[in-house]
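Trainee: Only the shape, not the letters, is given here:
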C-alpha cells in the first residue's frame with residue numbers, strides 16, 4: 001500500500017512539474033512578443049483554437065495528439081514536450097532525493113521544485129537566444145532570499161551568512177571575466193543569484209558546470225561542427241546538482257583531505 005501511494009505521489013509530482021514546464025514555455029514564447037500570459041488562455045498559435053482541459057495534460061496531450069493541434073492539425077514545436085518532460089523529471093528528482101527527516105526538508109523540496117523548472121526555462125532561452133531572462137535570475141534570487149531568512153529559524157545545511165558568502169565567492173571572479181569579455185553578464189547574475197540560494201555549494205556547482213561545458217566544447221572542437229556554446233545550460237545543470245548534492249560533495253572532498 002505504501003509503495004502504491006508513493007507511486008501515486010511521484011506521478012502527481014511529475015504532472016505538477018510538467019504543468020510548470022508548460023506554463024514557463026508559454027512565458028518564454030509570449031514575453032518577447034509582449035503578450036499577456038496570465039489572463040489569455042492557451043491556444044494554437046496558428047488557428048487560435050482555445051485549448052480544452054484535456055489538451056493541456058502534460059506530456060500525455062502532446063503524445064496522444066502526435067504533436068499537432070487537434071483542430072487545424074498544425075505541428076506543434078517539440079519544445080512543448082521537452083519542457084514538460086524535463087520540468088516534470090526535475091521536480092520528481094527533487095522529491096525522490098528529499099529525506100523529509102527535518103522540518104526544513106519540506107521547504108527545501110518546495111524551493112527545489114520551483115528552482116528546477118526555472119533552470120530548464122533559462123537553459124531553453126539561452127540556447128535559443130543566447131541570453132538568460134531576467135525573470136529567471138530574479139526568481140532564483142527571490143528563492144535565495146527566502147532560504148536565507150528561513151535559515152535563521154529552521155535547521156539547515158547553510159547558515160545565513162554562508163548564503164551571502166555564496167553570492168560573492170564565485171560571482172566576483174565571474175564579474176571580472178565578464179569585464180574582460182570572456183563571459184556574459186547573464187552568467188554573472190545567474191551565479192550570484194544561485195550562490196545566494198546555495199551558499200558554499202555554489203563552488204561544486206560551478207566546477208560541475210565547467211567540467212561538463214569543457215567536455216562539450218572539446219567534442220565540438222574534435223568533430224569540427226559549428227555550434228554556439230552557451231554556458232547557461234551547463235550552469236543550470238551544475239546548480240541543480242549542487243542544490244541536491246553540493247554539501248555531500250564538499251563533505252566527501254573534506255574527508256579525503
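Mentor: On my side now, so go ahead. Treat the numbers as computed from the prediction; the structure is a model and nothing was measured.
Trainee: Ramachandran angles for residue 156?
Mentor: Taking degrees, to the nearest 10, you get phi -150, psi 150 for the backbone angles of residue 156.
Trainee: Report the buried residues of stretch 132-141.
Mentor: By neighbour count on 16 or more other CB atoms under 10 Å, the buried set for stretch 132-141 is 132, 133, 135, 136, 137, 139, 140, 141. Heads up, the C-betas are built off the backbone N, CA and C, glycines and all.
Trainee: Nearest to residue 209 among those?
Mentor: Closest approach to residue 209 among the buried residues of stretch 132-141 (CB to CB): residue 132, at 13.2 Å.
Trainee: did I read that right, that closest one in a helix?
Mentor: No - remark: residue 132 does not belong to a helix; assigned using DSSP: H, G, I helix; E, B strand; the rest coil, it is coil.
Trainee: Nearest spatial neighbour of it, chain-adjacent residues omitted?
Mentor: Nearest non-adjacent residue to residue 132, counting by CB to CB, 6 or more residues apart in numbering: residue 186, 3.4 Å away.
Trainee: since we're on residue 186, how many residues are nearby?
Mentor: Other residues within reach of residue 186, judged by other CB atoms under 10 Å, total 23.
Trainee: contacting residues for it?
Mentor: Residues in contact with residue 186, defined by CB atoms under 8 Å, 6 or more residues apart in numbering, are 126, 131, 132, 137, 232.
Trainee: For the helix or strand hosting the fourth one, which helices and strands make contact with it?
Mentor: By that I understand residue 137. Following DSSP states H and E, one finds residue 137 within helix 134-150. Where contact means 3 or more CB pairs under 8 Å, 6 or more residues apart in numbering; DSSP states H and E, helix 134-150 is packed against helix 103-129, helix 160-169, helix 185-198.
Trainee: Of those, which stretch is the most buried?
Mentor: Mean neighbour count (mean count of other CB atoms under 10 Å) peaks for helix 185-198 among the helices and strands packed on helix 134-150, with a mean of 25.
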